[in-house]
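Student: I'd like to go over a predicted model; first the sequence, then the structure.
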Amino acid sequence: MPNYVAPANNGSTGTHDGTNAIGALNYADEYQRSLEQNFPWVLNYGALYATPNNNRFRWTSSKTIEIPSISTTGRVDANRDTIAFAQRNYQNAWTPLTLENERKWSTLVHPRDIDETNMVATIGNITQVFNEEHKFPEMDAYTISKIYADWSVAKNPDTGKTLTPDTTVLTTQNILSVFDNLMLKMDNGRVPANGRILYVPFEIQTILKEAEKISRSMDITSGPNAIDRRVNRLDQVQVIGVPSTLMKTLYDFTTDYAVADDAEQINMFLVHPLAVITPVSYTFSRLDAPSAMSEGKYVYYEESFEDVFILANKANAIQFNVSDGSGTSTSTSTS
């Protein structure tokens, strides 16, 4: 994640230390650093915000990034008796992406409600509750639904076919086979085995643990040479349980977030962090002292640009199992 903060020329008279003549405090830098430290721990999809890809793009404005890519030709036969003309066999390109998810939040704080000698710390407490109970869950909802939306219209880099999720109804008897099939798709897409993450709702995590326990028990009774390959494959990934409400395909973000009426349930989200990019740009975060305009109250305001993108040439590093909103499915994907 970049440490991008817009210059303090947004209508304020900010000084280098973040204060100005009317007592406003702009602590966007400090706030950004704090969020970066928290993301891996408080976001359910925090590992995706720690993707190495976030160090490989460049900012061209407060809401636009460019992603580099290099392509080369393949090898040809050599000839010991002649030489060929030298030519460039690679291409370098920058793909621009615009962050579309622009969000804001503000609040008034009456001086009598806080200790005026501890102004920033008190706002820190308020924003901590806001972050943990609203912003972070909203970011989780946006992350999973945006990845699913982008992936659903992406093409398989190898075959050119539209990617489709597995829709098998998961049970204790088949869940390991479904997982094994998702892993196989990644194997065939040349996705690194190390680093894969499996996100599942807690209900599915319970089924997964029960199936794993049954399979291991069967392996033991069958002898030491009959270890189930599916259980070994489960050991290769990090399994993370997520509240089912934060594993939907569609949300309404008008205010905060809410599950859309026609949202489907995501039961398995298998991903390698190298398949996504998660830029966050905090352009403004400030606390203004009481004034006549604010009727004697402190005013806190923050605004940010953030988004989530999948890398088209790594779309195979993402796989889904989904069902309708009631948790049932009517078909099984074969693509």
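Tutor: Nice, I can see it.

Student: use CA for all of it now, contacts and neighbours both
Tutor: Noted.

Student: average pLDDT across the helix or strand hosting Tyr148?
Tutor: Here Tyr148 sits within helix 136-152, counting by DSSP states H and E. Averaged across helix 136-152, pLDDT comes to 97.

Student: That one - contacts with which helices or strands?
Tutor: Helices and strands touching helix 136-152, by 3 or more CA pairs under 8 Å, 6 or more residues apart in numbering; DSSP states H and E, are strand 251-252, strand 309-310.

Student: any chance of these in JSON lines, with mean neighbour count and mean pLDDT too?
Tutor: Formatted as JSON lines, the helices and strands packed on helix 136-152 follow (neighbours: other CA atoms under 10 Å; pLDDT from 0 to 100):
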{"stretch": "strand 251-252", "mean neighbour count": "18", "mean pLDDT": "98"}
{"stretch": "strand 309-310", "mean neighbour count": "20", "mean pLDDT": "96"}
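
Student: Check Lys209 and give its pLDDT.
Tutor: 89.

Student: Quick check: it vs Arg88, distance?
Tutor: As for Lys209, its distance to Arg88 is 53 Å (criterion: CA to CA, to the nearest Å).

Student: higher neighbour count, the two?
Tutor: Shown here are Lys209 and Arg88; by other CA atoms under 10 Å, Lys209 has more neighbours (13 against 7).

Student: related to what we said a few turns ago, with distance to Ser71 as new columns, can the helices and strands packed on helix 136-152 be given to me in TSV?
Tutor: Formatted as TSV, these follow (distance: least, CA to CA, whole Å):
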stretch	distance to Ser71
strand 251-252	36
strand 309-310	18
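
Student: Quick one: closest of these to Glu100.
Tutor: Nearest of the helices and strands packed on helix 136-152 to Glu100, taken as CA to CA: strand 309-310 at 10.7 Å.

Student: dump the residue contacts of Tyr301.
Tutor: Tyr301 makes contact with Lys104, Trp105, Ser106, Thr107, Phe284, Ser285, Arg286, Leu287, according to CA atoms under 8 Å, 6 or more residues apart in numbering.

Student: 7 Å instead, please
Tutor: Trp105, Ser106, Thr107, Ser285, Arg286, Leu287 (CA atoms under 7 Å, 6 or more residues apart in numbering).

Student: and the helix or strand encompassing it, how far out from the chain's middle?
Tutor: Using DSSP H and E, Tyr301 sits within strand 298-306. How far strand 298-306 lies from its chain's middle: 21 Å, per CA atoms, centre = their mean, to the nearest Å.

Student: In that strand, which of the residues would be classed as buried?
Tutor: Tyr298, Val299, Tyr300, Glu302, Glu303, Ser304, Phe305, Glu306 (16 or more other CA atoms under 10 Å).

Student: So which of those residues is the closest to Arg80?
Tutor: Glu306 (54.8 Å).

Student: ok, the spatially closest residue to the closest one that is not a sequence neighbour to Asp256 distance?
Tutor: In this structure, Glu306 finds its nearest non-sequential neighbour in Val280, 4.3 Å apart by CA to CA, 6 or more residues apart in numbering. Note on Val280: its distance to Asp256, by CA to CA, is 18 Å.

Student: Compare the two and say which is more crowded by neighbours.
Tutor: Set side by side, Val280 and Asp256 show more neighbours around Val280, with 24 against 14, by other CA under 10 Å.

Student: And that one, how close does it get to Val237?
Tutor: With CA to CA as the criterion, Val280 and Val237 are 27 Å apart.

Student: Can you tell me the SS state at the residue in the chain sticking out farthest from the centre?
Tutor: The C-alpha centroid of the chain is most remote from Asp81, which lies 54.0 Å away (CA atoms, centre = their mean). Of the three states, Asp81 takes coil under DSSP: H, G, I helix; E, B strand; the rest coil.

Student: quick one: contacts for it?
Tutor: No residues are in contact with Asp81 under the rule CA under 7 Å, 6+ apart.

Student: do Leu97 as well
Tutor: Leu97 neighbours (CA under 7 Å, 6+ apart): Thr64, Ile65, Glu66.

Student: Who is it paired with across the strands?
Tutor: Ile65 (DSSP bridges).

Student: For Lys104, grab the count of nearby residues.
Tutor: Around Lys104 there are 11 residues (other CA under 10 Å).

Student: in the sheet, who's paired with it?
Tutor: The partner residues for Lys104, given DSSP bridges, come to Glu303.

Student: Could you pull out the helices in the protein for me?
Tutor: 28-42, 119-130, 136-152, 175-188, 202-222, 229-234 (DSSP state H).

Student: In the third one, which residues are buried?
Tutor: Neighbour counts using 16+ other CA under 10 Å place 136-148, 151 of helix 136-152 among the buried residues.

Student: Could you list the low-confidence segments of the protein?
Tutor: Applying pLDDT under 70 to the chain flags residues 1-28, 37, 40, 116-121, 216-232, 325-335.
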